[in-house]
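1. coordinates only, sequence not included:
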């Protein structure tokens, strides 16, 4: 017969708890999800006070706390740099041991999320905004038309997918990802509401106040009439210079359109950013050769956005504001 498997930490804890409650070994084994012989072996070992076999640990709890402090002080260091700093503190451990201890503490090496840098003043304003909107219901958020601009490039860089290929196919054109020195790109303006998306506007020049007002006149107003009719709505925009210009503010007043106050550097609050993300993920497999093909691909992909997707994103706004309050104005997971 094979050796009895050792219990995991969770199984040991469950076994000890149930054993103290007077449960039988058969019941304990069923609850812990292991064999009855493993339970018996663990209980007998604990009763005899026998220590677990194996090599003695080379680090103390104090050494481990030092390692955790080093990692938290600069989480962007690699394992080699962290190991060097840890051993400089007087700890005798190998690089492998350092890596294993970091994993045991719950640290994993991941690609960091990219978020706008917020200074303390901007965080306070974002927090104040979230507290002001915390009582808004999902129904109130449906009255808001969200807008945003986004840049699309022919080459999507690291967003491109991996490729399945056989040995010797590394240079096969079918398996290559094209690289362009100066990739063509287009800037797109789009808007959304709980009822769906608005027609896209491809910006051909630098966006100043005059260009932006032209976009509002020929794209936003017709879409608002179609989506809201005679009902009132609130327009959302970020604090880009063209958006916050005095001439643009005057345009909104002349047209009787209220604008939602918005905190600076807070794209994670705008559900339109999620739509851009959806479109770009769907376009990962597209290979447009020029700006015209890129525009056509963007239009076709944008048309696939359903009203149900938009409605779900609008419904998430109360959770967005709650997350901002929880993070005290700092960037959230959204």
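-> Nice, I can see it. As the structure is a computational prediction, the values presented were derived from the model and not from experiment. Numbering: from 1, shown residues only.
2. now the strands for this structure?
-> Per DSSP state E, the chain carries strands over the ranges 144-153, 185-193, 196-197, 201-203, 234-235.
3. which of these sits closest to residue 313?
-> strand 185-193 (7.5 Å; CB to CB). From N, CA and C alone the C-beta is placed, and that goes for glycine too.
4. what are the buried residues along stretch 219-235?
-> Neighbour counts over stretch 219-235 (16 or more other CB atoms under 10 Å) mark 219, 220, 223, 224, 227, 233, 235 as buried.
5. apart from its neighbours in sequence, what residue is nearest the first one?
-> Closest residue to residue 219 in three dimensions, ignoring its sequence neighbours and counting by CB to CB, 6 or more residues apart in numbering: residue 201, at 4.6 Å.
6. dump the residue contacts of that neighbour.
-> Residues in contact with residue 201 (CB atoms under 8 Å, 6 or more residues apart in numbering) are 188, 189, 190, 215, 218, 219.
7. quick one: which of those residues is most hemmed in?
-> Tallying neighbours with other CB atoms under 10 Å puts residue 190 at the head of those, with 23 neighbours.
8. report pLDDT for the closest residue to it other than its chain neighbours.
-> Spatial nearest neighbour of residue 190, chain neighbours left out: residue 200 (5.1 Å); criterion: CB to CB, 6+ apart. Among the per-residue scores, residue 200 holds a pLDDT of 94.
9. so residue 200 versus residue 25, what's the distance?
-> Residue 200 is 67 Å from residue 25, where distance means CB to CB, to the nearest Å.
10. what's the answer for residue 109, then?
-> In terms of CB to CB, residue 109 sits 41 Å off from residue 25.
11. average model confidence for stretch 213-220?
-> Per-residue scores along stretch 213-220 average to 95.
12. ok, stretch 258-265 next?
-> 93.
13. what's the first-to-last distance across that stretch?
-> By CA to CA, to the nearest Å, the extent of stretch 258-265 from end to end equals 21 Å.
14. can you list contacts of that stretch?
-> 116-118, 122, 125-126, 129, 144, 232, 234-239, 249, 252, 269.
15. give the buried residues for that stretch.
-> By neighbour count on 16+ other CB under 10 Å, the buried set for stretch 258-265 is 262, 263, 265.
16. for the residues you listed, give me JSON lines that also has distance to residue 17.
-> Supplementary listing: these in JSON lines, determined by distance: CB to CB, whole Å:
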{"residue": "262", "distance to residue 17": "52"}
{"residue": "263", "distance to residue 17": "48"}
{"residue": "265", "distance to residue 17": "49"}
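17. below-threshold pLDDT in the chain: ranges please.
-> Within the chain, the stretches with pLDDT under 70 are 1-5, 46-56, 155-162, 164, 174, 177-183.
18. tell me the domain boundaries of it?
-> 9-48, 63-104, 120-326 (automatic domain parsing).
19. which strand residues bridge residue 148?
-> Counting by DSSP bridges, residue 148 is bridged to residue 190.
20. so it sits against residue 269, correct?
-> No - counting by CB atoms under 8 Å, residue 148 does not reach residue 269; the two are 10.9 Å apart.
21. neighbour count: those two, which is higher?
-> Shown here are residue 148 and residue 269; by other CB under 10 Å, residue 269 has more neighbours (23 against 20).
22. please verify my assumption that that one contacts residue 324.
-> Yes - taking CB under 8 Å as the definition, residue 269 is a contact partner of residue 324 at 7.1 Å.
23. now do the shared contacts for those two.
-> Common neighbours of residue 269 and residue 324 (criterion: CB under 8 Å, 6+ apart): residue 126.
24. name the nearest residue to residue 203, sequence neighbours excluded.
-> Of all residues not flanking residue 203 in the chain, residue 187 sits nearest, at 4.3 Å (CB to CB, 6+ apart).
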